[in-house]
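> Okay, structure incoming, though there's no sequence with it:
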Ligand code: 5AD
Ligand code: FES
């Protein structure tokens, strides 16, 4: 790899942030890699070869693993994902459960079904439940608050994470007061013009950012995130994502490859890659040593070893599916999603074995983000 890239990685490791231009350069190094595969590479061609980009990726992964090791050891946290509804008022161009997809068979789980998923998950060792769904008005504040309250009463030692999209500040506040601990809302892209290419005009970048700020101010542990390789994404927009993450300082960050869904406007777009996703996971780990970083189902979908690769690149969370088998196939955000035919217990044990196979251990505590006090012990000083 060239000296400049090595120096950027070194700086990221010691200072935990880069400038926007430096992030762009570091990402460009990986994105420009296909140039190496061109048959006629000229001597003036300064773009990195595939081998050089792989070297940079390996160095980043090594450093990110070491950092994750210091903060979280070889523990991998599990979150039980319950997909409560695939009814959505939005029409995001990339998403398989978008309103305009009339092939999508719609469902919503009853309160009873959701509580049963949690009870089953509890038996399997889950101590965090993630209730995720489309933006479905049926899940009113009243209903969600009742559900959260009931889950907390049934399982007082568990954390409840919500992932229900954009809502008003008052709504977020009520659900927090009812006991919700964490909220996942991917920002999708930190570039407003790019955001507008992924979403219809009814959706607003500013409102999404407003939601994230409100969630943070209310006191949730907040997760943002984005898809890797989404249409119109560039090294520049990814650099903006990293700058946003470095400034917003999320507790959690969900990133996974974009995967086309056949019944969306992006059906013919190429999927994101495992390599770039892992590269970004490593960078994010170095920006925020303590961040809770899932190795996502989408990563496991584009590569049979994807989730293992994500952990080895610096991730420390996996989110097996706890939804009832009867609905799993219907929560299809992208084509060929894995784990849609497996029982919750199967997924739980499958992931445990996968983690063991690479020397990591699934642990069953709540897995809260490590606090600032702990982070000092690993020498993490934001403004060093
Ligand atoms: N490919 C990959 N990820 C997707 N998501 C939605 N559609 C797709 C897709 N086609 C992601 C979005 C959303 C999260 C719940 O799933 O980032 O925030
Ligand atoms: Fe679901 Fe492996 S995690 S089958």
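Received, thanks. All of these numbers come straight from a predicted model, not from anything done at the bench. Ligands and ions are numbered 1, 2, ... in the order given.
> In the top helix by length along the chain, which of the residues would be classed as buried?
For the chain, the helix with the greatest residue count under DSSP state H is helix 50-72. Across helix 50-72, burial judged by 16 or more other Cβ atoms under 10 Å covers 52-57, 59-61, 63-65, 67-68, 71-72. Every C-beta, even on glycine, is put in place using the N, C-alpha and C of the backbone.
> helix or strand right after that helix?
strand 75-78 (DSSP states H and E).
> Return the list of helices and strands in contact with the helix or strand just after that following strand.
Next helix or strand after strand 75-78 toward the C-terminus (DSSP H and E): strand 80-85. Applying 3 or more Cβ pairs under 8 Å, 6 or more residues apart in numbering; DSSP states H and E, one finds that strand 80-85 contacts helix 111-123, strand 128-133.
> And for strand 80-85, what's in contact with it?
With contacts defined as Cβ atoms under 8 Å, 6 or more residues apart in numbering, strand 80-85 is touched by 107-109, 114, 117-118, 121, 124, 126, 128-134, 136, 138-139, 319-323, 327-328, 331, 344.
> Repeat that for stretch 257-276.
Taking Cβ under 8 Å, 6+ apart as the rule, stretch 257-276 contacts 30-31, 57, 93-96, 98, 101, 103-104, 227-231, 233, 256, 277, 298-299, 301-303, 306, 309, 332-336.
> Next, count neighbours for the residue nearest to residue 199 when sequence neighbours are not counted.
Leaving aside its sequence neighbours, residue 199 sits nearest to residue 92 (Cβ to Cβ, 6 or more residues apart in numbering; 5.5 Å). Neighbourhood size, residue 92 [other Cβ atoms under 10 Å]: 20.
> secondary structure element for residue 92?
Counting by DSSP H and E, residue 92 is part of no helix or strand.
> Just the mean pLDDT for stretch 342-355, thanks.
Averaging pLDDT along stretch 342-355 gives 93.
> Describe which strands the helix or strand hosting residue 160 pairs with in its sheet and in which direction.
Element membership for residue 160, per DSSP H and E: strand 159-163. When pairing is defined by DSSP bridges, strand 159-163 lines up against strand 128-133 (parallel), strand 182-184 (parallel).
> Could you point out which of these sits nearest ligand 1?
Closest approach to ligand 1 among the strands paired with strand 159-163 (Cβ to the nearest ligand atom): strand 128-133, 6.6 Å.
> tell me the centre residue of the protein?
Centroid-nearest residue in the chain, with Cα atoms, centre = their mean: residue 254, separated by 1.2 Å.
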